[in-house]
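[1] Pasting the sequence and the predicted model now:
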Amino acid sequence: MNAEEKNNLKKEITELIIEVLKITHVTAAEVPSNAPLFGQDNPLGLDSIDAIEIILAVQQKYNVRIADQNLARVILESIDTIADFLEKELDNVEK
Amino acid sequence: MNNIIDFQHRMAAHCETGTLTALFNYSGLKITEPLVFGIANGIFFGYLETDNFPFPTFIVRSRPGQIRKNITSRLGIKLKENTYKDVAKGEAALDKLILNNIPTAAQVDFFYMDYMPDWQRVHINVHFILVTGIKDDYYVVSDSYYPKISELKKESMRKARWAGGHMPPKGFLFYPEKVPTEIDFRKPIIKGIKNACRNMIGLPVPFIGVKGIYKFANKVKEWPLLARDTEHLSHEIMKINILLEDQGTGGAGFRFMYASFLQQASEILGNNNLADMSKRMMLNGDEWRKISYFAAKIGKNRDLGPDKLAELSELIRKRGDEEKSFFTDLKKMV
C-alpha cells in the first residue's frame, strides 16, 4: 500500500465511523488521523459502546475481525492505528 | 536493590491465560494462549442468581483459578503459589523472587494499575500481572492488557495486592517451579474438549452450560421486575456488553479464543473436522458480539420496553440452540 492509498484508507475509515455512528458535529476532514478516538477530549466524542459498533462496521466492510478488546483498545486508538492494522490484515489476505 | 529480568512482553486477550502463557513461554514451553484456554476447558456459561451478587449476572469462562489448576495438572506443570496476610512479608517475598530472576505473577486490583488510562481503570480484584523487575520505588510489570512493559509504584502495587472487597487478592503470588519443555499436547487437548462438552451440555444443573444460556434468555425478560428503576435496568443491560467483550474475554465471551484453540487443535491432532468447528465457533462468536452490541445500544438509549427485551431474549436463545448443537457435534469428534 503506497502513501496515497494509505491516506485514502484513513479517509475511508473516518467517513465510515462518522456514517455508522451518525456523527454530525464534525466532518471527516476535521478529524486529525492521529487524534485519540477514546478517552477525554476525543474530537468525535466516542465512548466504549461506540467501540463495538466500529469493530462490527470494520468487520462488515473489510471482512477483518478484531477479536479481543485488549487488542481493540490498541487498534482503535486513532484513525492511524486502525489504518495500520487494516493495512497489515489486507496485505495478509492478498498474500 | 534493583534488578530487571530480561522478559519478552506480549499482549494477550485475557489476564489469567495471558499470564500463564507468558510464564510457560519464559520457562521454555512453546504454547499459545488459546491452547492454554482450550486445554484447561476455560469455555463455559453460567447464569448466576445468588446472594453473592446484587443482581443476576452470567459468566462466560470457568471460575478464576480453575484454568490454572486444569492446565498445570494436564501438562504436568508445577506452580508455587502463596498468599500473604502480612504485607511486609508479602512484599519481601516478591522482592526476593525478582532479585532471584524469577518472573512472578501477582493477583491485583486492576484499578491501581496506574499505567493504564484513567478511563479504563475499574475495581476488579481478579486481575493478574507479571512482575519482572524492581527499579528504585517501582516494580517493572508485564501486564497482558497493556501494549508495553510498564512501571508501577511500589505503593500502588501494595494497594493492588491487598485490596479489599469481593475475591480479595490477599497478596497472592505464583510462579513456575517445573515446566516440561517437550509436551505431547494430543491427550490434554482431547481431555480439554471432552470436559468443555461436559460443562456445556452434560451437567444436570439448570444454570450451567447451554441450560444456563436458555435460563439467561428467559430471565432477561424479567429483569425490569428486579431493577430499581430504568437507570438501574439500563446499567445492568449494558453490563451484558462489558461481560461479553470488555473484561478480557478473548472476544465475544471467549468464543473467538475457543475458535482459535479448535483451529490449533485440528492442526495438532490432524483432525480437519475441528477446523470446521473452529469456523463455526467463530460465526457463533460473531452472533454473541451482536448480542453485546444490541444490549449496549438499547441500554444506552434507555430503549428497554418488553419488545426490545423479547428481541434480546430471542437472540440469546438462538445462541443456546447453536451451542447445544455445536457441543453435541464436538463431543462426537473426540
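    Good, I have the coordinates. Numbers count the residues shown, from 1 in each chain, chains lettered A, B, ... in the order given.
[2] count of residues packed around B:Ser142?
    Number of residues near B:Ser142 (other C-beta atoms under 10 Å in any protein chain shown) recorded here: 26. Just so you know, the C-beta spots here come from the backbone N, C-alpha and C atoms, and that holds for glycine as well.
[3] can you pull the contacts of it?
    For B:Ser142, the contacting residues are B:7, B:9, B:22, B:103, B:129-132, B:149-150, by C-beta atoms under 8 Å, 6 or more residues apart in numbering or on different chains.
[4] quick check, the strand or helix carrying B:Ala275 touching chain A?
    Taking DSSP states H and E as the definition, B:Ala275 sits inside helix B:272-300. Yes - using C-beta under 8 Å from any C-beta of the partner chain, helix B:272-300 reaches chain A at B:282, B:285-286, B:289-290, B:292-293, B:296-297, B:300.
[5] Strands of chain A, start to end?
    Shown for chain A, no strands are assigned by DSSP state E.
[6] Contact residues of it facing chain B?
    Within chain A, the positions near chain B by C-beta under 8 Å from any C-beta are A:38-40, A:48-49, A:52-53, A:55-56, A:59, A:65-71, A:73-74.
[7] Domain parsing of chain B, as residue ranges.
    Using automatic domain parsing, the domain parsing of chain B gives B:3-30+B:78-178, B:207-333.
[8] Which among the residues of chain A next to chain B count as buried?
    For the residues of chain A next to chain B, a neighbour count by 16 or more other C-beta atoms under 10 Å in any protein chain shown gives the buried set as A:38, A:48-49, A:52-53, A:55-56, A:65-71, A:73.
[9] about what we covered before: now a ChimeraX select for only the buried ones of the residues of helix B:272-300 next to chain A.
    Listed next is the ChimeraX selection for buried residues among those, using 16+ other C-beta under 10 Å:
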select /B:282,285,286,289,292,293,296,297
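[10] how about the residues of helix B:272-300 next to chain A in TSV, adding pLDDT and distance to B:Glu182?
    Formatted as TSV, the residues of helix B:272-300 next to chain A follow (pLDDT from 0 to 100; distance: C-beta to C-beta, whole Å):
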residue	pLDDT	distance to B:Glu182
B:Met282	95	31
B:Gly285	95	32
B:Asp286	93	37
B:Arg289	93	38
B:Lys290	93	42
B:Ser292	93	40
B:Tyr293	92	44
B:Ala296	92	45
B:Lys297	93	49
B:Lys300	91	51
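[11] With respect to B:Leu315, which of the residues of helix B:272-300 next to chain A is nearest?
    Among the residues of helix B:272-300 next to chain A, B:Lys290 lies closest to B:Leu315 (C-beta to C-beta), at 6.9 Å.
[12] so how far is B:Glu245 from the closest one?
    11 Å (C-beta to C-beta, to the nearest Å).
[13] Likewise for A:Ile82?
    Taking C-beta to C-beta, one finds A:Ile82 at 17 Å from B:Glu245.
[14] Which strands or helices does the helix holding B:Ala275 pack on?
    When contacts are defined as 3 or more C-beta pairs under 8 Å, 6 or more residues apart in numbering or on different chains; DSSP states H and E, helix B:272-300 packs onto helix A:48-62, helix B:230-241, helix B:255-269, helix B:306-333.
[15] Highest mean neighbour count out of these?
    helix B:255-269 (a mean of 23; mean count of other C-beta atoms under 10 Å in any protein chain shown).
[16] Let me know the pLDDT of A:Glu89.
    At A:Glu89, the model reports a pLDDT of 89.
[17] Can you report how many residues lie near the residue nearest to it when sequence neighbours are not counted?
    Leaving aside its sequence neighbours, A:Glu89 sits nearest to A:Val64 (C-beta to C-beta, 6 or more residues apart in numbering or on different chains; 4.5 Å). Residues within reach of A:Val64, counting by other C-beta under 10 Å, total 17.
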